[in-house]
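*Asks:* sequence and computational prediction follow.
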Amino acid sequence: MDKPVIAVEVVYALADKQKLLRLTVPQGTTVREAALRSGMDGFFPGLDLATSPLGIFGKAVPKPDERVLEEGERVEIYRPLIADPKEVRKQRAAKAAQSKASGSAVQQ
């Protein structure tokens with residue numbers, strides 16, 4: 001007897017190109033398995049589905065190799081971060097403090 005199947009979506013987006021694929025996968029398929037089955041890397045050269053961060057409906061999945069999908073869920077493949085958001089905020093705050101300090105020095 002065949003294993004029951006479920007319908008899921010897999011999506012990936014760049015600034016100028018997006019792709020959404022609807023898949024039918026065996027019940028018990030993990031988030032990572034669905035991403036790999038999607039073949040999304042064929043549409044986006046350089047995309048590494050084996051290591052890309054993944055999520056479901058906008059929430060990161062910490063263990064995509066273990067999390068089993070449910071009917072109708074949307075797997076999102078995330079791009080790697082170019083810069084650490086914490087580091088960017090720290091640099092922005094330092095720059096603002098520096099310009100504030102130099103601005104008050106000029107006014108004295």
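*Replies:* Yep, that arrived. Numbers count the residues shown, from 1 in each chain.
*Asks:* and the longest helix for the chain?
*Replies:* As assigned by DSSP state H, the longest helix anywhere in the chain is helix 85-107.
*Asks:* center of the chain - which residue?
*Replies:* Tyr78 (1.8 Å; C-alpha atoms, centre = their mean).
*Asks:* list the contacts for the closest residue to it other than its chain neighbours?
*Replies:* Spatial nearest neighbour of Tyr78, excluding adjacent residues (C-beta to C-beta, 6 or more residues apart in numbering): Pro53 at 4.3 Å. C-beta: built from backbone N, CA, C; applies to glycine. Pro53 is in contact with 60, 64, 77-78, 80, counting by C-beta atoms under 8 Å, 6 or more residues apart in numbering.
*Asks:* please identify which pair of those lies farthest apart.
*Replies:* By the measure C-beta to C-beta, Pro64 and Pro80 form the most distant pair in those, at 14.5 Å.
*Asks:* those two: which is more packed in?
*Replies:* More crowded of Pro64 and Pro80, by other C-beta atoms under 10 Å: Pro64, with 21 against 8.
*Asks:* against Val10, how distant is the more buried one?
*Replies:* Pro64 sits 12 Å away from Val10, going by C-beta to C-beta, to the nearest Å.
*Asks:* give me the common contacts of those two.
*Replies:* With C-beta under 8 Å, 6+ apart, Pro64 and Val10 have common neighbours Ala35.
*Asks:* can you pull the pLDDT of Thr29?
*Replies:* With respect to pLDDT, Thr29 scores 97.
*Asks:* go ahead and confirm it touches Glu71.
*Replies:* No. If you go by C-beta atoms under 8 Å, Thr29 and Glu71 don't touch, sitting 11.1 Å apart.
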